[in-house]
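**Q** using only what follows, build the 3D model:
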Amino acid sequence: MNGKQKGFTLIEILVVVTIIGVLAGLVVVLIPRSQEKAQILECTSNQRNIVGMLVADDGKAWQMSGPNIPLYFVKKGDITGSNLKMLFCPGDTQNENLDKAGGEEAYKNLDLKSQQFDHLTSYAGRDQTNSNCAVKQGTTSPEVMLCDDSEDHHNKKGFVCGYNDGSAKWIDKVDVWEMDLATVVTIGEGSQVKVLQCLRAE
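**A** Numbering: from 1, shown residues only. Down below sits the predicted model:
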């Protein structure tokens, strides 16, 4: 009987260490990507809910502009309590959220006719006060109604846009708008992207 115990060879140890290193590398790469995808999905869902309310509304919300468009539904009582979280895009790297906005208390007694409340939502709305930007009935293609208005959102890779047909989708600025990743996309009149020129953040 052989009393010697077989140990691991140096090569076997190196193979195991290499496999562990590869797996660790995959975790480092895949977890941030899955988090980013989840944030985009949540932001898209938020906007789909809000533009769905816009489509079903009697048109009063469209008399607002900028961030006051989604806030109209807070004033109306359609978005309350913990649902106020839907006013924020989780893809914002600056951690813009309900708590930083002042919590539920910040949404009481809003006077949407007197000022813009851009700190109470992540979303810029279409400038309905500009006749060139007003949503037109019977348009052949959907028009952007809302957008997560910060370039910091989604690691500067693009935007989530909500449309007046009730849909919302992620726009990758490289694949869709054919821009370099380093290009800063703005919203408003000076935007280099036509569909964002009628959005008003403030």
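
**Q** burial of residue 198, as a residue count?
**A** Using other C-beta atoms under 10 Å, residue 198 has 24 other residues around it. Glycine gets a C-beta too; all of them are placed from N, C-alpha and C.

**Q** so which residues of the chain form strands?
**A** Secondary structure of the chain, counting by DSSP state E: strands at 123-126, 144-148, 158-163, 168-172, 199-200.

**Q** other SSEs contacting the last one?
**A** The contact analysis (3 or more C-beta pairs under 8 Å, 6 or more residues apart in numbering; DSSP states H and E) places strand 199-200 against strand 123-126, strand 144-148.

**Q** one more pass at 7 Å, please.
**A** Under the contact criterion of 3 or more C-beta pairs under 7 Å, 6 or more residues apart in numbering; DSSP states H and E, the helices and strands touching strand 199-200 comprise strand 123-126.

**Q** give me the contact list for the strand it packs on.
**A** Outside strand 123-126, the residues within contact range by C-beta atoms under 7 Å, 6 or more residues apart in numbering are 47, 64-70, 87, 133, 135, 144-149, 187, 198-201.

**Q** could you do stretch 192-202 as well?
**A** By C-beta under 7 Å, 6+ apart, the list of residues contacting stretch 192-202 from outside reads 65-66, 116, 118, 124-127, 130, 133, 144, 147, 149, 177, 185, 187-189, 191.

**Q** what's the end-to-end length of that stretch?
**A** 18 Å (C-alpha to C-alpha, to the nearest Å).

**Q** residue numbering should commence at 111 henceforth.
**A** In the new count, where the first residue is 111, that last one comes out as stretch 302-312.

**Q** which parts of it are buried?
**A** Judged by neighbour count using 16 or more other C-beta atoms under 10 Å, the buried positions of stretch 302-312 are 303, 305-311.

**Q** number of nearby residues for the closest residue in space to residue 275 that isn't next to it in sequence?
**A** The shortest distance from residue 275 to any residue other than its chain neighbours is 4.4 Å, reached at residue 252 (C-beta to C-beta, 6 or more residues apart in numbering). By other C-beta under 10 Å, 17 other residues sit near residue 252.
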